[in-house]
Every structure is written in C-alpha cells, then in structure tokens.
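Enquirer: Sequence and predicted structure are below.
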Amino acid sequence: MPQRLRDTNTSSGIYRAYMLCVFVTMWLISLSAFSQTDTTRKINPILIFTEKDSFSRISVVNSPVPHFVLEDETLRQLAVRDVGSAMRFIPGVQLKDYGGIGGIKTVSFRSLGANHTGVMIDGIKIPNVQSGAVNLNPVEVFGISSIAFTSGQVEENNAPATAYLSGNLISVKSLLAQQPEKLNAQIYSCVNSLSVFEEGFLVRVPAGEKLFFGFQGFTRFGEGDYVFQSNNQDGPVELRRENSRLMSFKFQGAAGLRLMNSQTLFRFSFYNNEQELPGAMILYNPYNDQKLWNEDLNVSLTHQHYFQHWKFNMHAFYQSAFLRYYDPDYLNLQGYIDNTYLQQNAGAGLIFSRMIFKEGMMQLGSDFLFSDLKSSGIGVTIRYENNSVIALKHDFGKLKLETNLTSQVVYDVVQNEDSTTVRNFFELSPFASLSWKPFEQSPFRVRSFYKRTFALPTFNDLYYNLIGNTHLKPEKAHLFNAGISYSHRIKKWYSEFSLDGFYNVIQDKIIAIPTKDLFNWSMQNIGEVHAYGYDAGLLINYESKIWKFTVNGSYSYNLSLDKSDSESTTFDKQIPYTPFHNASGGIILVRKDFTVSSNFIYTGFRYSLNENVWSNYLEPFTDWSFSVSKDFKIGKKFVVETTAAALNVLNKNYQVIRSFPMPGRHYQLKLKIVIQ
C-alpha cells in the first residue's frame, strides 16, 4: 500500500507539471499571436469543409492527405442504410460486418485496427473506453448531410483537440446541426425484403434569423431472417439465419443560435435498442439465443466565437451508455452469462485558431475527459484524460505545409472488492504533411505525410476478468504516405485521379493469446506488423443540360506481414482479415430528376487466423447493387423521393467474418417526403 500511494503521488506530480507546461505554452503562443502585425487576415466565420459538386464524387483530390467525402445524394445512390455500409466504398477501408440487421460494424484502414479510427458527430468525438471501437451500425444515414473519412490529419477546422490523436477519423455532419432558411420537414420510410423496416421523421424550424430548432425520430425493427448456403460433407445445404430480431428507437434534438460573431449549438439524443444476436454458425448449426440491450444518452454543447484574427471553438458533452449481454448457453459454472455495463463519459475542451503570416493558421487546443465504467464483471474503473494539440498550417503558393504535435495524459483507477489498481499513460505524437503543386496552371499535385499515432489499451484489455493485463503498453503506429493527384476539365467532361502509396509500422500490437483453454485468454504486447500497399482512385464525369454521367472506381493493394517473431510459423505471413486486393466502383446516370446507379465491391481472399493455411482461407466475394430513384414534385412545397434497390444482385453466398454468413439477394424500397 505505501508503494502504491508513492506511485500515485509521483504520477500526480508529473500530471500537474505537464498541465502547467500546457497552459504556459498556450499563454506564450497567445502573446506571440497578438504581437503579429495587422498584415494577417481575418478569420472567415463560415469555414468551408469541402466544395459540393453537381455530380457524385468521393475523393477530395486537392487535399494534402487521403480525404474522402460522401454527400447525402451520393449516399442515396449507393443504397446504404448506415455509416458502416457507406465506409465500404472508401479505398483502403476494410469493414468488419457480422451480418444481420443489428450486426456490429467496425472499420480498419490500411491494417490499423478499429481502435485507431475515431468517430465524430457534429464536432463531438465519440469515446468508447470499454472496447475502443465504435459500432457504426446504429448510425443511420437518414438525416445525415455528409460523411467524411480522413487519414493522417484532421481536415475540419472545428474539430476538438481529441480528434487529432486518431490515425483516421470519420466525421459525420447531420442536418440538425445546420440552420435552415425556412421551415422544412422530412418523413422517411424503408422496407426491406429481409423483413426489416425503418421509419423516421425530421423537422427543422427557424425562429427568426438567429435561432433555429430541430427534432428527429427514427426506428428500425424486424425479424432480419434470411436464407444462406452452408457446405457440409454431403454438399451445399440451405439454412436460415435466425435469432436476428431487433427493435430500436432513437430521438434527437438540436437548438442553435447564430449571431454576428458567434454560433452555438446544443444537441441531445436518446437511443434504445433490444436485439437478438445470431452468433457464429459452428458445425452447421445456425441456432443461437444470445440477446443484447442498449440504452444511450448523449448531450453536447458547442460554441464558436470569431473576432479579428481569432476563432475560439469550445465544447462540452456528457454521454451515458448502458449495455446488457445475455447468453443462456455459455459453458461456465453458472451455465449462462448475464453481464451489465454502464459507461459514462464527460468532457470539455477549447481550441484556438488564429490566422498568421497572411496564408497561415495556428491552432492550439486542449480537452479534459472523464470516463467511468461500472460492470458486473470488472467493478468500477475510472479514467481521467487530457488531450492537447499544437497545429500549424501554411500555404506558400505551390507548397502547402501542415504539422501538429499531440499529447495525451491518462490516469486510470480501478477499484475491486479487495484491491485498487492505478495506471498512467503519457504519449507524444507528431504529424507533418507536405503537398506540392509544381505547375501553376496545372492541377497536378504531389502529397506526403508522416504521423505517429497510438491506441491506448481499452478497459477490457487491461482489467477484464481472466484476460486483463495491467502491464499492457499502448499500440503504436508509424504511418507514411506519398501520393499524387490530378484533375482536369474539358468543356462538359471532368476527370480526376489519385494514387497513394503507404507504409505502416505497427508496434506493441495488442493481441489475445489462448492459455489453458478456449475460455481463458491473455492480452499481450507481442505483435509487430509492417503494412505496404497503395490506393488508387479514378472518376470520369460528363454533364450536359439534361444528362449527367459518372463513372468512378478504386483499387487497393495491401501486404500486411507479421514481423513479431522470426521463429514463428506466422512470421512474414498476412495478418487476419486483411485482403491483398480490394476494389469498388460504380456507374451513375442522371436525367433531370431520374437516377440509375450500379455499384460493386470486391474483396479478395484473406485468412481468418494468423496462419496462412487452407483451413483459415476465406474466399473472395463480389457484392453488386443496383438502384433506381425518382423525385416527384407536388406543388411548390412537397417533394417525394423514391428509391428502389436490389442488393447483392448476383446472390453471392459469402462471409466477411468467418461463420457469420451475409444475406443473399434482397431488395429495399425507400420513400422520403420533403416538405419545405
């Protein structure tokens, strides 16, 4: 006990000294910025995130880092229903999809685990200290204005300091956060041939020129059963994927105030979910009886203030997430599992931005976070966290430089019945990118970046009963990227091309190692992975007064080798669930208010475990979709948007995750009534 107290006091001293350095640095930089001459430019209150085109595009070719944006119209043409499904069309992204209407969806990019990809909704980053990964399945596309994915740097000026820590960032912008010009409403309905139903409404109300309100409700429910094929000794047999029933409901609200030099947004959301989990299909047995309950509450407040050359972005949030997991057939002494978790997160932060040297911007921010997890299996776990960033952007004309330095201080306290554990983490991570436009009149660009990033061990990794390891180190990654981009317009034709090569080194990889049996695992830092590859994207567009025609495609090659132990049989082998080849593409034809689109995704073969042997082999698959949409205007205030889609048109029987079969050919019909 005295040793533990001495360690705690030492850590507290380090933490206080660190915080003193942070505030002194902020004060000094503020003085330096105020001492700038009046040649600096005033910050524009309306900072443009990305230019919206009249045709569908995904890649932002003029970005200094790989940056992709899916606008609301593109999401409609892709016939996706949630953010996880939309991520499949981003080059280099691997989606882990467990199938079913309530199946978990997480993403990895260029062999970085899901813990390295942050998710931000309307400027608030979603934390998950329990498992580290955010499930994208419950984030529906109804009510979303855009989804952006960025690797390396944060491309959104309003992002908090915490967002700069992530190796990759998914940024979701909702309609509720945008001020409407006039009263408008949307009524949404979707029916799926898998017995899945979605219903929703959205209302946005301006109250004068400065104030606005918005409300949104959404529900998803249904059986979610579907037929799939399974191969046994006698050949292929048809089975039905059962135990997929789901009932979820979400209600969101927002209120905004926009003044001459400031804007404030208050948001809240409540999510309730009850669902059955299909589980893994093992030994040709599709039966499962696991159940899951969720109840989440989120409240946030953001405020932006502009004056002279300065911009202040402040935010605060509170999140509560309750989860209950029940498995009546688990093989333990009790014969079942019934675990509950209550995770609470609260935080506040401030980030300053100032224009400097005519074409430059400096940013300085710091966030303070508190998380606690109460569990029937862990006890009480508390985490105090401070994340800070110093960033600089400057445009020298043909040359553009962006750099930042992030820091993270974490202080954990775990209280069980008979012990108290204290852990501390401190990490510094640099980022630098350089983009070059060698020819004044040509849109040809060369870009590159380096970033050091890390993923902290989650509460499950550190403290979960039987498998937790309190000696784990953060999983570190060194990211290198070099690429080119080019765009060209000739009269009615437009084309763009991008090619990025990458090299990632992932150290102290956190992996699970089985010990005495399949139900007892040990978390260890033993992994090192070297990932090599490239991502290529191409878009061609033709546009006349009547017709719009777009062809786009992307291809990714990924060689991710296990470099942990030269004596191991897995040395220099491809890591699990990482395909060597991945591709996506589509054709979109638009005539006035009628649209026809066809999109495909190809995922090459991969292995489900570290050993690259036939028993772990997962076959490649192609998922092809086809959709038709038509808009009907009724009077001056009503627009009816209809979309019919056929998904997995080729009726391919495939698995993204071994033993979790995906649905074959199915259909969906969407109807949205817009009142404005």
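Expert: Great, that's in hand.
Enquirer: any idea how far K105 lies from R220?
Expert: Applying CB to CB, to the nearest Å, the value for K105 to R220 is 14 Å. (Each C-beta comes from the backbone N, C-alpha and C, glycine too.)
Enquirer: Check W493 too.
Expert: When W493 is compared with R220 (using CB to CB), they lie 41 Å apart.
Enquirer: the more surrounded of the two?
Expert: R220 (27 against 12; other CB atoms under 10 Å).
Enquirer: which element is that one on?
Expert: According to DSSP states H and E, R220 maps onto strand 211-222.
Enquirer: now for that strand, which elements pack on it?
Expert: strand 196-207, strand 246-258 (3 or more CB pairs under 8 Å, 6 or more residues apart in numbering; DSSP states H and E).
Enquirer: Mean confidence (pLDDT) on the longest one, please.
Expert: Confidence for strand 246-258, expressed as mean pLDDT, is 94.
Enquirer: next one: the shortest one
Expert: Per-residue pLDDT over strand 196-207 has a mean of 93.
Enquirer: list the buried ones in that strand?
Expert: 196, 198-204, 206 (16 or more other CB atoms under 10 Å).
Enquirer: now do stretch 181-196
Expert: Those would be 184-186, 188, 190-192, 194-196, for stretch 181-196 by 16+ other CB under 10 Å.
Enquirer: repeat for stretch 418-427
Expert: 421, 423-425, 427.
Enquirer: For the spatially closest residue to D395 that is not a sequence neighbour, give its distance to K125.
Expert: Spatial nearest neighbour of D395, excluding adjacent residues (CB to CB, 6 or more residues apart in numbering): E359 at 4.3 Å. Computed as CB to CB, the E359 to K125 distance reads 29 Å.
Enquirer: Any chance of the helices and strands packed on strand 211-222 in JSON lines with distance to P91 as columns?
Expert: Converted to JSON lines, those look like this (distance: least, CB to CB, whole Å):
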{"stretch": "strand 196-207", "distance to P91": "28"}
{"stretch": "strand 246-258", "distance to P91": "30"}
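Enquirer: For D327, find the nearest of the ones you listed.
Expert: strand 246-258 (17.2 Å; CB to CB).
Enquirer: Measure how that closest one sits relative to strand 211-222, angle-wise.
Expert: Orientation check (axes from the mean of the first three to the mean of the last three CA atoms, to 10 degrees): strand 246-258 against strand 211-222 gives 170 degrees.
Enquirer: tell me how far strand 246-258 is from the chain's mean position?
Expert: 19 Å (CA atoms, centre = their mean, to the nearest Å).
Enquirer: Stretch 566-586 too?
Expert: That offset, for stretch 566-586, works out to 22 Å (CA atoms, centre = their mean).
Enquirer: Which positions in it come out as buried?
Expert: Quick answer for stretch 566-586 (16+ other CB under 10 Å): 570, 573-579, 582-586.
Enquirer: Likewise for stretch 125-145?
Expert: 125-144.
Enquirer: low-scoring stretches of the stretch 451-600 of the chain, by residue?
Expert: 465-468, 512-522 (pLDDT under 70).
Enquirer: My guess is K311 contacts H303. True?
Expert: No - using CB atoms under 8 Å, K311 is not in contact with H303; the gap is 11.2 Å.
Enquirer: Mind checking which of the two has more residues around it?
Expert: Using other CB under 10 Å as the criterion, K311 and H303 rank with K311 on top: 25 against 16.
Enquirer: for the record, mean pLDDT for the helix or strand where that one lies?
Expert: For K311, the host element (DSSP H and E) is strand 310-327. Mean per-residue pLDDT for strand 310-327: 92.
Enquirer: Mind giving me the packing neighbours of that strand?
Expert: Strand 310-327 packs on strand 290-307, strand 337-356, going by 3+ CB pairs under 8 Å, 6+ apart.
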